[in-house]
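1. Task: produce atomic coordinates for the following.
(one chain, ligands or ions: 1)
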Amino acid sequence: MGTAEEIGQQLEFDVEDTIFVALGTDVDAAKATLIWAVHNFAGKTFCLLHVHHLAPKNEEPSSYILKGHLAKAVEEPESQKPFELLNQYVLILAKLGVQAQKLWIETNNVERGLVEIIAQYSIKWLVMGLDTERYNMKRSIGLKSKKAFYVSQQAPICCHIWFVCRGRVIYLREGRMGRFNSLQLENSEIGINHTNHLRPESVTCKNFADAQGKENACDRISRFRYQGLVDQKGSSNGDLGTSRTVLLLKNEGVKEGHPVSQSGLQEEASMNVMSMKDFEGVKAWVEEDAVGAELKAKSLESTCMEEVKKRKEMEELLEREKKEVERMNKEHDELLKELQHVQEQKSLLERKASEYWCEVEELEKKMFAAVDLLVSFKEKRDKLQIEHEGAMDKLRKLKNIVKREPSSSHYRSAEMPTFSFMEIIEATRNFDPSWKIGEGRHGSVYKGLLRHMDVALKMLPSYGSHSQSTFQYEVEVSSRLRHPNLVSIIGACPESRLIVYENLKNGSLEDHLACKNHNRPLPWQIRIRIATDICSALIFLHYSDPCVVHGDIKPSKILLDANFIAKLGGLGISRLIPREEKAFNSASVNNISKENNAYIDPEYLETGRFTPESDVYSLGVILLRILTGRAPLGIVKDVKCALENDKLGDILDSSAGDWPHDLAEQLALVALRCCEKEKLDRPDLVSELWSVLEPMRSIASASCSSLKKHSRVPAHFTCPIFQEIMKDPLIAADGFTYEADAIRGWFQSGHNTSPMTNLKLEHCDLVPNYALLNAIQEWQHQL
Ligand SMILES: Nc1ncnc2c1ncn2[C@@H]1O[C@H](COP(=O)(O)OP(=O)(O)OP(=O)(O)O)[C@@H](O)[C@H]1O
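-> Sure thing, here's the model as predicted:
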């Protein structure tokens, strides 16, 4: 065993020109490294270097080697050692025509051993194969192996080292010294190309064939002689520390247990004739020759088959999955469409719902309004029911009133005489126009001679249910109310809706005030008496039970008989009001002219309700007209103004004669009170109005000169049979008053009917009419 220098000297080849290839225990890696080296350093001398790791002392080397990668990788029997593989590599290279040496070094530290060998032999070019497992990543660059890293760091600086794995350079540690510093790689993946100046020195496979004459492979192989430079028993030269170095230089010196067979050498020799063109073939041979590779290939083949099978299954599975995915995608699309449709429906429904809500709110509002309306209608209904009950009660009372005995009331229960239309035609001379004495809203008034009586015939329109009811009502009321100052009804012609009244020969007050039909102006005395007559009639109506409100008092309704006794007519609009009632409603104001509006109570115009005070108001306007002779419109204001200015005399109707001033002023004041807007401010008929008018009448009677001129016997003072002023007036069952001798003679002559109506009398009893007698006597006294 010698020093490193000594060892180097013992090498039979030029270290300077040799490419050292350090091979590990990984067979695949070793092969790939070798192929790379041969491919890139064609023509160079190779020395295959294996630094063998010695087993620890407590473990047998052989068993350790068996555990090593090499033995496992090639699946060699126990006897085969990495050393034999090194020989195989050399043989393979020989087959490739590459000159190769082998160097076997044993040490207990591989990387340090490598570094020391580099140093000892001054190795300039070293290719270091790396474990494939560690560099399995594609394009992994950099050293991961601890050994490689150590070598790259510690190797002498003059050494150029390629770290190769799987046929590509992982890392290049460039050396600074040496002739081949600029050596470029032919197929390096790190991009180093051959330079032209190296080419001549490179020996390609072809060149190698040409050079075989100089030195054949056997010669080169024969130079591998085993020289036991290192003492197997551990007598180290000390430079390598604990390592043992075995240098293989010659065939004859093969280390024990690592023989190179003769046949192998012969094969190597024969393979020396192979050219680099057969490289692929040799490579195939190498692969076929390698048992491990074959087994591995088989294994790989079966694995591949399995993989193919698996792949097929996977592809089928994938296909199925793909179809499933397509189906699911289709379903997904359909569901998406459905979802979209549902969302559209949803938004549509939401829109409709909001519209419905709006409608519901509207309907609720309407419903609440309807409920309010219903409530108000119910209230009105209840009110109307109460009113209806009240009306029914009134009706019952009125019916009772109607049924009363004649002696207990002002009403007469006698049947109203009826006339045929033929009689009416005869009485009016077929409605001779010259016999027409008046025209009202409801029809014309004719004078007539009916059954020897001087009558006035008022014909109501023959159409409309209203006219029928008006007709019936007027007949009913007129027939039941009897008073010297009320126009008396004589009978009716229902078939022509015609009412027969007594004929008041002097016409209406209106005609006299307006001096129509050649009427002379009435003297103030007559006017005062007319006022008292109407007041008397009103007192009679208002104090009747039930109270009768005329409701339409105006001068045209005040008729004057032959003696200028005033009689109030036109009871058609009047209403019976029970005592406890104060008013009745009427809508007839619509038909009233503006002129006649002046007689109507302003309160009625506002409320539509007639009260007894309404009649008082009308009477007040009539009194003012009697006093002034002026038109009714604005008369109240004129008289007020005249009174305030003490100029009443200026507005008095001078055609009535000389009005006594006090009387005129008194009449004006009381008339204005009647025309007060507030009904409560108007005077009471009896206590306030009659009490003023009655003394006036006396004053007027006293002023006989003018009165006598106009005085005539009142018609009701004369007997209907004798036509003379009655001295002993008796009331018969027909309600008429007759002179006692005349009516008794009527009965004694066999009559049991009324001389006036020709109807059968219920009885022949006769009752004295003291009131009339008193009136006659008073009248006679005044005369
Ligand atoms: N019984 C009668 N005797 C004499 N003349 C009468 C009689 N009745 C009515 N007249 C005359 O006929 C006229 C019409 O009377 P009528 O009652 O029909 O209407 P009006 O009172 O004038 O008006 P309205 O149409 O408002 O009732 C009276 O103005 C009067 O001149």
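2. From the contact counts, what lies against the longest helix seen in the chain?
-> Using DSSP state H to define each element, the chain has its longest helix at helix 291-403. Secondary-structure packing of helix 291-403 (3 or more CB pairs under 8 Å, 6 or more residues apart in numbering; DSSP states H and E): helix 69-74, helix 279-289. For the C-beta atoms, the positions are set from N, CA and C on the backbone; glycine is no exception.
3. Quick one: low-confidence residue ranges for this protein.
-> 1-11, 55-81, 133-141, 177-297, 398-415, 462-468, 572-596, 704-711, 781-783 (pLDDT under 70).
4. Give me every residue in it lying close to the ligand.
-> When proximity is defined as CB under 6 Å from any ligand atom, the chain approaches the ligand at 437-442, 445, 456, 458, 487, 501-504, 507-508, 511, 556-557, 559, 569-570.
5. try 8 Å this time
-> Proximity of the chain to the ligand (CB under 8 Å from any ligand atom) is limited to residues 437-445, 447, 455-456, 458, 487, 501-505, 507-508, 510-511, 552, 554, 556-557, 559, 567, 569-570, 572-573, 592, 596.
6. Generate a ChimeraX selection restricted to the buried entries among these.
-> Provided next is the ChimeraX selection string for whichever of the residues of the chain next to the ligand are buried by 16 or more other CB atoms under 10 Å:
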select :437,438,442,443,445,447,455,456,458,487,501,502,503,504,505,507,508,510,511,552,554,556,557,559,567,569,570,572,573,592,596
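7. Listing partners with orientation, what would you give for the secondary structure element (helix or strand) that Trp104 belongs to?
-> Element membership for Trp104, per DSSP states H and E: strand 100-107. With DSSP bridges as the test, strand 100-107 is paired with strand 45-53 (parallel), strand 244-248 (antiparallel).
8. okay, the angle between the following helix or strand past it and strand 45-53?
-> Counting by DSSP H and E, the element after strand 100-107 in chain order, helix or strand, is helix 110-121. Helix 110-121 and strand 45-53 meet at an angle of 140 degrees, taking axes from the mean of the first three to the mean of the last three CA atoms, to 10 degrees as the criterion.
9. tell me the angle the very next helix or strand once past helix 110-121 makes with strand 45-53.
-> Going down the chain from helix 110-121, the next helix or strand is strand 125-129, by DSSP H and E. Angle of strand 125-129 versus strand 45-53, following the same axes, to 10 degrees, is 50 degrees.
10. which residues sit against strand 125-129?
-> 18-24, 26, 29-30, 32-34, 36-37, 41, 44, 49, 114, 118, 148, 151, 155, 159-165, 178, 180, 183 (CB atoms under 8 Å, 6 or more residues apart in numbering).
11. Let's see which of those residues end up in helices.
-> Ala29, Ala30, Ala32, Thr33, Leu34, Trp36, Ala37, Leu114, Ile118, Ala148, Val151.
12. Phi, psi for Asn769 please.
-> Per-residue torsions, Asn769: phi -100, psi 80 (degrees, to the nearest 10).
13. got the contact list for it?
-> Per CB under 8 Å, 6+ apart, neighbours of Asn769: Pro729, Leu730, Ile731, Thr737.
14. any idea how far the third one is from Met756?
-> Put plainly, it is Ile731. Per CB to CB, to the nearest Å, Ile731 is found 12 Å from Met756.
15. Using the three-state scheme, assign Ile499.
-> strand (DSSP: H, G, I helix; E, B strand; the rest coil).
16. was I right about it contacting Leu450?
-> No - Ile499 lies out of contact with Leu450 (CB atoms under 8 Å); the separation is 11.9 Å.
17. Neighbour count: these two, which is higher?
-> A direct count of neighbours by other CB atoms under 10 Å for Ile499 and Leu450 places Ile499 higher, at 25 against 21.
18. Would you point out which residue is most central in this protein?
-> With distances taken as CA atoms, centre = their mean, the chain has Ser354 as the residue nearest its mean C-alpha position (3.4 Å).
19. Can you give me the distance of that one to Phe368?
-> 21 Å.
20. and Glu665, what does it touch?
-> Counting by CB under 8 Å, 6+ apart, Glu665 has contacts Leu643, Leu648.
21. run the last query once more with 7 Å
-> Leu648 (CB atoms under 7 Å, 6 or more residues apart in numbering).
22. Secondary structure element holding it?
-> With DSSP H and E as the criterion, Glu665 is inside helix 661-674.
23. Measure how buried Thr33 is and give me the count.
-> The burial count for Thr33: 28, using other CB under 10 Å.
24. I figured it hits Leu23, correct?
-> Yes - contact criterion CB atoms under 7 Å: Thr33 and Leu23 qualify, at 6.3 Å.
25. Can you show me the CA trace of stretch 615-624 as PDB?
-> Provided in PDB are the C-alpha atoms of stretch 615-624 (Å, rounded to 0.1, in the frame of the first residue of the first chain):
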ATOM      1  CA  ASP A 615    -149.600  81.900   8.300                       C
ATOM      2  CA  VAL A 616    -149.100  84.800  10.600                       C
ATOM      3  CA  TYR A 617    -146.200  86.000   8.400                       C
ATOM      4  CA  SER A 618    -148.400  85.800   5.300                       C
ATOM      5  CA  LEU A 619    -151.200  87.700   7.100                       C
ATOM      6  CA  GLY A 620    -148.600  90.400   8.100                       C
ATOM      7  CA  VAL A 621    -147.800  91.000   4.400                       C
ATOM      8  CA  ILE A 622    -151.500  91.100   3.500                       C
ATOM      9  CA  LEU A 623    -152.100  93.700   6.200                       C
ATOM     10  CA  LEU A 624    -149.200  95.800   4.800                       C
END
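26. Centre of the chain to that stretch, how far?
-> 67 Å (CA atoms, centre = their mean, to the nearest Å).
27. Also stretch 105-124?
-> Computed by CA atoms, centre = their mean, the chain-centroid distance of stretch 105-124 equals 95 Å.
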